[in-house]
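Engineer: could you look at this predicted model? Sequence included:
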Amino acid sequence: MRAHVLVAEDDEMQAELIRRTLLSEGHAVTVTHDGLTALDQARRLSPDLVVLDLMLPEVDGYEVCRALRADGEIPVLMLTARTSEDEVLRGLDLGADDYMTKPYSPRELLARIRTVLRRSNRDLQQHEHVIRAGGITVYPERHEVLRDGVPVDCTPAEFAILTTMAAEPGRVFSRLQLLACTRGIDRASTERAVDVHIMNLRRKVEADPRRPARLLTVFGVGYKLSAVRG
């Protein structure tokens, strides 16, 4: 089983050791050294597993784990130098799939990673396609949308538009381009119907639809989905 693993470890020597250990097993590896960057990379890259140190700068591992659980189901293996039962239980209660206490051997780390990946059934040969952008998660095969981890009901046309925009966050789409992605779903639609779909989507995915932070209007051109979490 080969996977893409995101390593969030502020100790650069430890991070490099983990990176080399994972590469030796054939995994792809992305390394970060603080919690904010770890969250950003997890949302952008959708890794198969996050190896997460608890004592991270900017945002600690507990808060990173809490945010990842709100976003979706990326497996998390926590690393901690703390051995108290309360600290371990806190991490597991937040949704960590497993934990390891420091120091640990590279062989044990690989064994734990293999176990978590098997348990989560995220083999790269079989895992479900997921699109994430700006706090929006789209599961095309399941026809499901989450906003900050909360399910959102979309019509078929709304789903087609949102999926198209989420696949290329930051790109500006004209009304005609967004209309084209609904062909076969909403045959009677016009370009102005796209405005209605966008208005309805804003009610569903924006904290304040009157001041959108995700689905943005680019005047004279069309619309774009912000890559930044709204």
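Structural biologist: That came in fine, so what should we check first?

Engineer: which SS state does the most centrally placed residue in the chain fall under?
Structural biologist: With distances taken as Cα atoms, centre = their mean, Arg43 lies nearest the centre of the chain, 3.3 Å away. Secondary structure, DSSP: H, G, I helix; E, B strand; the rest coil: Arg43 is helix.

Engineer: contact partners of stretch 160-177?
Structural biologist: Applying Cβ atoms under 8 Å, 6 or more residues apart in numbering, the contact partners of stretch 160-177 are 131-134, 136, 138, 140, 145, 154, 178, 181-182, 185, 191-192, 194-195, 197-198, 201, 205, 215, 218, 221-227. The way it works is simple: take the backbone N, C-alpha and C, and place the C-beta from them, glycine included.

Engineer: go again using 6 Å as the cut-off
Structural biologist: The contact list for stretch 160-177 (Cβ atoms under 6 Å, 6 or more residues apart in numbering) reads 131, 133, 136, 138, 140, 178, 181-182, 185, 191, 194, 197, 218, 221-225, 227.

Engineer: in strands, which of these fall?
Structural biologist: Ile131, Ala133, Ile136, Val138, Val218, Gly222, Tyr223, Lys224, Leu225 (DSSP state E).

Engineer: pLDDT for the residues you listed - can I get that in JSON lines?
Structural biologist: Converted to JSON lines, the ones in strands among the contacts of stretch 160-177 look like this (pLDDT from 0 to 100):
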{"residue": "Ile131", "pLDDT": "86"}
{"residue": "Ala133", "pLDDT": "85"}
{"residue": "Ile136", "pLDDT": "90"}
{"residue": "Val138", "pLDDT": "89"}
{"residue": "Val218", "pLDDT": "94"}
{"residue": "Gly222", "pLDDT": "94"}
{"residue": "Tyr223", "pLDDT": "95"}
{"residue": "Lys224", "pLDDT": "94"}
{"residue": "Leu225", "pLDDT": "93"}
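
Engineer: per-residue pLDDT of Arg122, please?
Structural biologist: pLDDT for Arg122: 48.

Engineer: so who does Arg202 touch?
Structural biologist: Neighbour list for Arg202: Pro209, Pro212, Leu215 [criterion: Cβ under 6 Å, 6+ apart].

Engineer: whoops, I mixed them up, Val228
Structural biologist: Neighbouring residues of Val228 by Cβ under 6 Å, 6+ apart: Gly134.

Engineer: so how far is Arg214 from it?
Structural biologist: Separation of Val228 from Arg214 (Cβ to Cβ, to the nearest Å): 9 Å.

Engineer: and Gly222, by the same measure?
Structural biologist: 15 Å.

Engineer: repeat that for Met199.
Structural biologist: Going from Met199 to Arg214 by Cβ to Cβ gives 13 Å.

Engineer: more neighbours: these two, which one.
Structural biologist: Taking other Cβ atoms under 10 Å, Met199 and Arg214 do not tie; Arg214 has more neighbours (25 against 12).
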